[in-house]
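>>> fold the following, please.
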Amino acid sequence: MNRRRAPHPLLRPFVREVWSCAAEPVGESQARIERLLPSGFMHLVLRLDESPVRLLRSPDDAQGDALANAVLAGARTAPYLKRLHARSASVGATLLPGAAQWLFGLDADAIAGRHVPLEALLGAEARHLRARLVEAATVDARLALFEAWLLARRPPVPGQASALARLLGQSPSVGAAGRASGLSHRRFELQFRQASGLNPKAWLRVRRFQAAVKALAAREALPPAELANTLGYSDQSHFIREFRAMAGLTPGRFRALAPDEPNHLPLVPPSRG
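Next comes the predicted model:
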């Protein structure tokens, strides 16, 4: 059983969605590797069993690097690999620009491209939160508890970070967004990077890539050349290069895989003979 939804209205300037999932049924778990695609956002994840998040350097990395049970993943422009032995009961949130500053008093560019243990950011509070989530009996109860914790941290009135992200999403260029903000070009780039973890051009590249992912995952996806033109790539070759850089495979291969969750691409673990 899984739940994924928009958060409480007070959280929406800073949290894109919250989610909770149940543990994989006994006997159905299997070792697998996932390639996680960049979204342009930060992700907060709390696993509720004793197996930590484990990242791989390559598909044939037998062990990978064990991180923690609860982590904050910074925004990035490239995919990363994660090894799964069984799906744990988990809760999490997709965080928008400005959320790291609100939740952790941390500029997002300090963790860009990295995974940071939640305990390193919150200390004993992280352990206490996870213990309460472990005790919750159902997926819905865990999600309600997690959302209540976010609300208890008193989300501020939407500020400049939210405004900069809106401007960038609505403007025809980074320069136009900067002018509309009333900030100098340098100041606009600095404040956006501190809020989101990425510079404005990189953030727009990732968001355009995500539009391509969504389009390719649709049943009636456009032909690649037409899709490239629709999304504003200079040509089909540009589209393929950008997609490969952020997904690790071509648009055609992605479409053939038809993953259930478009940002979680399954890989077959190498045989150990």
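>>> where does the stretch 101-250 of the chain have low pLDDT?
219 (pLDDT under 70).
>>> sec struct for Glu189, please.
Recorded secondary structure, Glu189: helix (DSSP: H, G, I helix; E, B strand; the rest coil).
>>> pretty sure it contacts Ala202?
No - the criterion here is Cβ atoms under 8 Å, and Glu189 misses it with Ala202 at 10.4 Å. For the C-beta atoms, the positions are set from N, CA and C on the backbone; glycine is no exception.
>>> can you check the pLDDT for the residue nearest to Arg32 when sequence neighbours are not counted?
Once flanking residues are discounted, Arg32 sits nearest to Leu84: 5.2 Å by Cβ to Cβ, 6 or more residues apart in numbering. For Leu84, the pLDDT comes out at 77.
>>> count residues in the vicinity of Leu84, would you?
By other Cβ atoms under 10 Å, the residues close to Leu84 number 19.
>>> wait, it sits on Arg47?
No - using Cβ under 8 Å, Leu84 is not in contact with Arg47; the gap is 10.4 Å.
>>> helices along the stretch 101-250 of the chain, start to end?
118-122, 124-135, 139-152, 160-170, 174-181, 185-196, 200-217, 224-231, 236-247 (DSSP state H, counting those that start in this stretch).
>>> export these to CSV and tack on mean neighbour count and distance to Ser51?
Converted to CSV, the helices of the stretch 101-250 of the chain look like this (neighbours: other Cβ atoms under 10 Å; distance: least, Cβ to Cβ, whole Å):
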stretch, mean neighbour count, distance to Ser51
helix 118-122, 17, 16
helix 124-135, 14, 13
helix 139-152, 17, 17
helix 160-170, 18, 34
helix 174-181, 17, 41
helix 185-196, 19, 30
helix 200-217, 19, 28
helix 224-231, 16, 38
helix 236-247, 18, 26
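>>> so for Leu36, which of those sits nearest?
Among the helices of the stretch 101-250 of the chain, helix 236-247 comes nearest to Leu36, with 10.2 Å by Cβ to Cβ.
>>> next SSE downstream of that closest one?
helix 251-257 (DSSP states H and E).
>>> tell me the strands beside whichever helix or strand comes after that following helix, with direction?
Where DSSP H and E defines the elements, the next helix or strand beyond helix 251-257 is strand 264-267. Applying DSSP bridges, strand 264-267 is found paired with strand 32-36 (antiparallel).
>>> now the strand it pairs with against helix 236-247, angle please.
130 degrees (axes from the mean of the first three to the mean of the last three Cα atoms, to 10 degrees).
>>> residues of strand 32-36 that come out buried?
Residues of strand 32-36 classed as buried: 33-36 (neighbour count, 16 or more other Cβ atoms under 10 Å).
>>> distance to Val53 added to the helices of the stretch 101-250 of the chain, as a markdown table?
Below are the helices of the stretch 101-250 of the chain laid out as a markdown table (distance: least, Cβ to Cβ, whole Å):
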| stretch | distance to Val53 |
| --- | --- |
| helix 118-122 | 11 |
| helix 124-135 | 13 |
| helix 139-152 | 17 |
| helix 160-170 | 26 |
| helix 174-181 | 33 |
| helix 185-196 | 22 |
| helix 200-217 | 21 |
| helix 224-231 | 32 |
| helix 236-247 | 21 |
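>>> still on that earlier bit, pick out the lowest-pLDDT one from the buried residues of strand 32-36.
Ile33 (87).
>>> quick check: Ala141 vs Pro79, distance?
33 Å (Cβ to Cβ, to the nearest Å).
>>> my error: substitute Leu257 in the last question.
13 Å.
>>> mutual contacts of these two, please.
Counting by Cβ atoms under 8 Å, 6 or more residues apart in numbering, the common neighbours of Leu257 and Pro79 are Leu265.
>>> need the residues that contact stretch 230-249.
Contacts to stretch 230-249, defined as Cβ under 8 Å, 6+ apart, come from residues 35, 37-38, 77-79, 205-206, 208-209, 211-213, 215, 222, 224-225, 227-228, 250-251, 254, 257, 265.
>>> can you show me the CA trace of it as PDB?
The C-alpha coordinates for stretch 230-249 follow below in PDB (Å, rounded to 0.1, in the frame of the first residue of the first chain):
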ATOM      1  CA  THR A 230       8.000  21.100 -28.500                       C
ATOM      2  CA  LEU A 231      10.200  21.200 -25.400                       C
ATOM      3  CA  GLY A 232      12.600  23.800 -26.800                       C
ATOM      4  CA  TYR A 233      15.700  21.800 -27.600                       C
ATOM      5  CA  SER A 234      17.600  23.100 -30.600                       C
ATOM      6  CA  ASP A 235      17.200  19.800 -32.500                       C
ATOM      7  CA  GLN A 236      16.800  16.100 -32.000                       C
ATOM      8  CA  SER A 237      20.600  15.500 -31.400                       C
ATOM      9  CA  HIS A 238      20.600  18.100 -28.600                       C
ATOM     10  CA  PHE A 239      17.600  16.400 -27.000                       C
ATOM     11  CA  ILE A 240      19.300  13.000 -27.100                       C
ATOM     12  CA  ARG A 241      22.500  14.400 -25.700                       C
ATOM     13  CA  GLU A 242      20.800  16.200 -22.800                       C
ATOM     14  CA  PHE A 243      18.600  13.200 -22.000                       C
ATOM     15  CA  ARG A 244      21.500  10.800 -22.000                       C
ATOM     16  CA  ALA A 245      23.500  13.100 -19.700                       C
ATOM     17  CA  MET A 246      20.700  13.200 -17.200                       C
ATOM     18  CA  ALA A 247      19.200   9.700 -17.500                       C
ATOM     19  CA  GLY A 248      22.200   7.600 -18.500                       C
ATOM     20  CA  LEU A 249      20.300   6.200 -21.500                       C
END
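>>> fine, thanks again, bye for now.
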